[in-house]
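[1] When you get a sec, could you give me coordinates for this:
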Amino acid sequence: MSRRWILIALIAAAAAAASATAALMLGGNGAKPALRAVAIDPPVPAPVTLGADYTGAAVQVPRAGRPALVTFLFASCPDVCPLVGDEIARALDEAGEPAASRIDVVAISVDPKGDTPANVTAFMRGHQLTGRMRYLIGTRAELSPIWSAWGVLAQPTEDITESLHTAKVILVDADGQQVGAYPGALPFDTSDLAADIEALTAD
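    Next up, the predicted model:
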């Protein structure tokens with residue numbers, strides 16, 4: 001892991017800590033599920049994000065009535081992104097059905113040049129995420145506003161194995177509110193994310 005990535009992770013962790021409370025309950029409503037992620041309190045509306053995934057299919061997040069898990073990756077990443085992909089796949093396995101099918105899992109590219117359909121296809125297959133996660137790709141002009149809307153720092157480089165970006169996983173509830181996040185340093189606990197998936201998708 002490069003020093004620059006560590007710096008980005010530390011910045012992300014500090015920013016999340018500054019904006020989140022130490023409470024694990026979302027808001028003040030007892031009906032809201034308790035999450036193990038860092039709470040975003042008060043919740044923040046998730047920016048409506050439209051685009052196309054690596055297959056060319058349309059992607060929208062959030063969708064009405066559907067909780068979501070949103071993260072930011074690049075397929076040729078040699079260290080952090082593969083860990084995130086593996087943790088998400090394991091968390092979906094652990095949460096099981098019907099929870100895993102009731103949440104939209106969306107990755108947003110931070111490498112417009114390197115995240116080609118072929119590269120993303122290989123990443124999805126390699127981490128058992130095909131059919132379980134949507135991976136939004138696009139040009140830098142298309143993706144830059146999305147990064148800004150989600151509060152993500154992304155600085156693609158000419159080296160396709162290195163892209164400086166905020167490392168975090170954001171949880172969005174069925175009302176389209178950002179309610180929790182796993183920011184900064186990894187790995188996070190798979191069981192925690194699985195529990196949060198179950199909580200967000202509970203009837």
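[2] ok now do the nearest residue to residue 84 once chain neighbours are set aside, which residues does it touch?
    Leaving aside its chain neighbours, residue 84 sits nearest to residue 71 (5.9 Å; criterion: C-beta to C-beta, 6 or more residues apart in numbering). C-beta coordinates here come from the backbone N, C-alpha and C atoms, glycine included. Taking C-beta atoms under 8 Å, 6 or more residues apart in numbering, we find residue 71 in contact with 84, 88, 106, 107, 108, 168, 169, 170.
[3] Contact partners for the second one?
    In this case it means residue 88. If a contact means C-beta under 8 Å, 6+ apart, then residue 88 has 69, 71, 105, 127, 129, 133, 169, 193 as its contacts.
[4] Repeat that for the third one.
    Taking C-beta under 8 Å, 6+ apart, we find residue 106 in contact with 49, 59, 61, 68, 69, 70, 71, 133, 134, 135, 136.
[5] do that again at 7 Å, thanks
    By C-beta atoms under 7 Å, 6 or more residues apart in numbering, the contact set of residue 106 is 59, 61, 68, 70, 133, 134, 136.
[6] quick one: pLDDT of it?
    In the predicted model, residue 106 carries a pLDDT score of 98.
[7] Closest to the centroid, which residue in this protein?
    Geometric centre of the chain, nearest residue: residue 71, 1.6 Å, by C-alpha atoms, centre = their mean.
[8] next one: the one helix or strand that residue maps to to chain centre, how far?
    Assigned by DSSP states H and E, residue 71 belongs to strand 68-73. Here the centre of strand 68-73 is set off from its chain's centre by 2 Å, with C-alpha atoms, centre = their mean, to the nearest Å.
[9] That strand: partners in the sheet, and parallel or antiparallel?
    Partner strands and pairing direction for strand 68-73 (DSSP bridges) are strand 104-109 (parallel), strand 168-172 (antiparallel).
[10] For residue 183, which of the ones you listed is the nearest?
    Closest to residue 183 of the strands paired with strand 68-73, according to C-beta to C-beta: strand 168-172, at 4.4 Å.
[11] residues in contact with that closest one?
    Contacts of strand 168-172 with the rest of the structure, by C-beta under 7 Å, 6+ apart, involve 12, 16, 35, 37, 46, 62, 67-71, 84, 178-184, 196, 200.
[12] what about burial for those, which qualify?
    Buried by 16 or more other C-beta atoms under 10 Å: 12, 16, 35, 37, 46, 62, 67-71, 84, 178-184, 196, 200, out of those.
[13] Can you name the element that comes right after the worst-scoring helix or strand of the chain on mean pLDDT?
    Sorting the helices and strands of the chain by mean pLDDT, DSSP states H and E puts helix 3-19 at the bottom, at a mean of 41. Note on helix 3-19: by DSSP H and E, the next helix or strand toward the C-terminus is strand 38-45.
[14] That following strand pairs with which strands, and in what direction?
    Short version: by DSSP bridges, strand 38-45 pairs with strand 177-183 (antiparallel).
[15] what's downstream of the partner strand, the next helix or strand?
    Immediately after strand 177-183, counting by DSSP H and E, sits helix 190-201.
[16] Return the distance of that next one from the chain's centre.
    Computed by C-alpha atoms, centre = their mean, the separation of helix 190-201 from the middle of its chain amounts to 14 Å.
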